[in-house]
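Undergrad: sequence and predicted structure are below.
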2 protein chains.
Amino acid sequence: MTLPMVVPAPHLPPRVRIHEVGARDGLQNEKSTVPTEVKAEFIHRLADAGLTTIEATSFVHPKWVPQLADAEDLFPRVADLPVSLPVLVPNARGLDRALSLGATRVAVFASATESFAKANLNRTVDEALTMFDPVVERAKTEGVHVRGYLSMCFGDPWEGAVPVPQVVRVCKVLLDMGCDELSLGDTIGVATPGHVRNLLTALNEQSVPTDSLGVHFHDTYGQALANTYAALQHGVTTVDASAGGLGGCPFARSATGNLATEDLVWMLRGLGIDTGVDLGRLVATSAWMAGRLGRPSPSRTVRALSHEDDKEQ
Amino acid sequence: MTLPMVVPAPHLPPRVRIHEVGARDGLQNEKSTVPTEVKAEFIHRLADAGLTTIEATSFVHPKWVPQLADAEDLFPRVADLPVSLPVLVPNARGLDRALSLGATRVAVFASATESFAKANLNRTVDEALTMFDPVVERAKTEGVHVRGYLSMCFGDPWEGAVPVPQVVRVCKVLLDMGCDELSLGDTIGVATPGHVRNLLTALNEQSVPTDSLGVHFHDTYGQALANTYAALQHGVTTVDASAGGLGGCPFARSATGNLATEDLVWMLRGLGIDTGVDLGRLVATSAWMAGRLGRPSPSRTVRALSHEDDKEQ
């Protein structure tokens, strides 16, 4: 299999933890609902490929996200895997459901902008934070690790560019509330590397340590990997990605374009940054899932290496 | 139209010259042959979108590249445009043809590896350089600007990783021969940012100035824009790209994956780097060409912004 030559760049972290979101963020945004046993196999295969943090599902009301309505059925099928399996919990009820199944890592989903808080949660930014407060408190009491997703950290489809201080404020509230880590989301994919550096620097200046921050870039305009490189240069060691680029179908108008884990692993491997991921197994997993979804993966690495397999066979 | 917020990163060049290769490198690698009048309109539209260096065609033998067999017919249709119009010349005969039509910029195409020199030119690396020597000399005598393409600067499909000193040696021969600029090609798309920095640094150490260097990345594994960002950080100000990502059909096994000019312009605009390009006009041009080719553009920016237009209409 073709692989990049390893040539480290200066001052990059030796190791990056990939927070794999394909099974949750990816499948949640696919048109078709994937059978529970396929989801379980997907997660097993991701773990087998070396991913150590695999977001498994979401305990939202099934009415909102029918694609993930099988959370209670799915979670026990993967709970024994020797990896971290965070689950999304939108509220106290979701946390109850997750805790009852033994989840040890949860995530809440906040917005940096009023427009998206209104559209996604039907609340103001601060009302949403108030809703999360007891959820995070209870999770921490139970010894559960909490991730805070923050969407629209760079641009918002209604509001345009999002002021950095606005993002910093919500980040600090989430951390003060007890979140163990944040995921800075470029939900509409408009960020560029200078914007990434700018936000990370502003967060540091307001006493937010880099090791509490993950980045979550979308490839809507092809910028995700360049933005990731800028984040690595700043010292970020947690990067969100979606196996096979799931969740952003490039053939649909509503492409959200999650960064493909394979494209990320290719770059990290070339930079000599350890991820623990076996790229061949991961590509085979995403090619298999693409077959289940009946469409090619948007990941360029998956396409290139799958075609290579075709030729070799 | 959605555009990135402008947030410069430190120490980047204020201006980048995009060397647009879609009409030559792009169309040369498309399966279907595009009619001459469509090519001419394409180049006119690219110039109208603000691109200032548009590689127009290739004066190779029509037998080798039938897609560009109309070079004599095409070039006069665009020669009056107020932009630079380099053309590829493989040998003395090609240079004669280009000069007779009034070309003022030409490019030769060398290889950093023996395997590709053999496959592409049926010569050794040094035999190819010997062939180019009188071509470059004559071009310089005629006051013509010469670009030297150097392919396989990072990896080679037969030889694997390409040693940096091997690339540096050929670069120096091309510059000593009289080439005004070089284009460092990652022909199979395997490079990562550390490799890019490494090669650029090695070239500087061997007295090759950065302002004589352009970069030509392929998006085969999704790395082109991250590599470009690394090159910008090194001070590179000439970047090759192909409008709409022409030349690398993501649906074909033989995807070569030229970096899409639109994805590049998005990043440069966000970084506050001047290119002179009107992104809306460029996207409209690539969407139009995609229609002529009967397939969607692989450029993520073209897709996202074309879909935006659909919604607005």
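TA: Sure thing, it's come through.

Undergrad: which stretches of chain A have low pLDDT?
TA: Applying pLDDT under 70 to chain A flags residues A:248-256, A:309-313.

Undergrad: wait, a helix at residue A:25?
TA: Yes. Residue A:25: assigned to a helix according to DSSP: H, G, I helix; E, B strand; the rest coil.

Undergrad: that one touches residue A:241, doesn't it?
TA: No. Taking contacts as C-beta atoms under 8 Å, residue A:25 lies outside contact range of residue A:241: 9.9 Å. The way it works is simple: take the backbone N, C-alpha and C, and place the C-beta from them, glycine included.

Undergrad: joint contacts of the two?
TA: Common contact partners of residue A:25 and residue A:241 (C-beta atoms under 8 Å, 6 or more residues apart in numbering or on different chains): residue A:258.

Undergrad: the two - which one has more neighbours?
TA: Neighbours were counted for residue A:25 and for residue A:241 using other C-beta atoms under 10 Å in any protein chain shown; residue A:241 has more, 32 against 25.

Undergrad: the more buried one bridge partners, please.
TA: residue A:20 (DSSP bridges).

Undergrad: run a quick neighbour tally on residue A:137.
TA: By other C-beta under 10 Å, 13 other residues sit near residue A:137.

Undergrad: list the contacts for it?
TA: Contact analysis of residue A:137 by C-beta under 8 Å, 6+ apart lists A:177-178.

Undergrad: what separation do you get for it and residue A:103?
TA: From residue A:137 across to residue A:103, the span is 16 Å (C-beta to C-beta, to the nearest Å).

Undergrad: could you check how far the residue nearest to residue A:77 when sequence neighbours are not counted is from residue B:4?
TA: Computed as C-beta to C-beta, 6 or more residues apart in numbering or on different chains, the closest residue to residue A:77 that is not its neighbour in sequence is residue A:40, at 4.0 Å. Using C-beta to C-beta, we find residue A:40 at a distance of 39 Å from residue B:4.

Undergrad: residue A:89 too?
TA: According to C-beta to C-beta, residue A:89 stands 33 Å off from residue B:4.

Undergrad: more neighbours, residue A:40 and residue B:4?
TA: The neighbour comparison of residue A:40 against residue B:4 (other C-beta under 10 Å) goes to residue B:4, with 25 against 20.

Undergrad: just give me the neighbour total for the closest residue to the more buried one other than its chain neighbours.
TA: Nearest non-adjacent residue to residue B:4, counting by C-beta to C-beta, 6+ apart: residue B:270, 3.4 Å away. In terms of burial, residue B:270 registers 27 neighbours under the definition other C-beta under 10 Å.

Undergrad: please apply the same query to residue A:158.
TA: 11.

Undergrad: list the residues that contact it.
TA: Residue A:158 makes contacts with A:113, A:115-116, A:119, as judged by C-beta under 8 Å, 6+ apart.

Undergrad: most neighbours out of these, which is it?
TA: Busiest of those [other C-beta under 10 Å] is residue A:113, holding 25 neighbours.

Undergrad: so that residue touches residue A:162, yeah?
TA: Yes. Contact criterion C-beta under 8 Å: residue A:113 and residue A:162 qualify, at 5.8 Å.

Undergrad: overlap of the contact sets of the two?
TA: Both residue A:113 and residue A:162 are contacted by A:152, A:156, under the criterion C-beta under 8 Å, 6+ apart.

Undergrad: fine, thanks again, bye for now.
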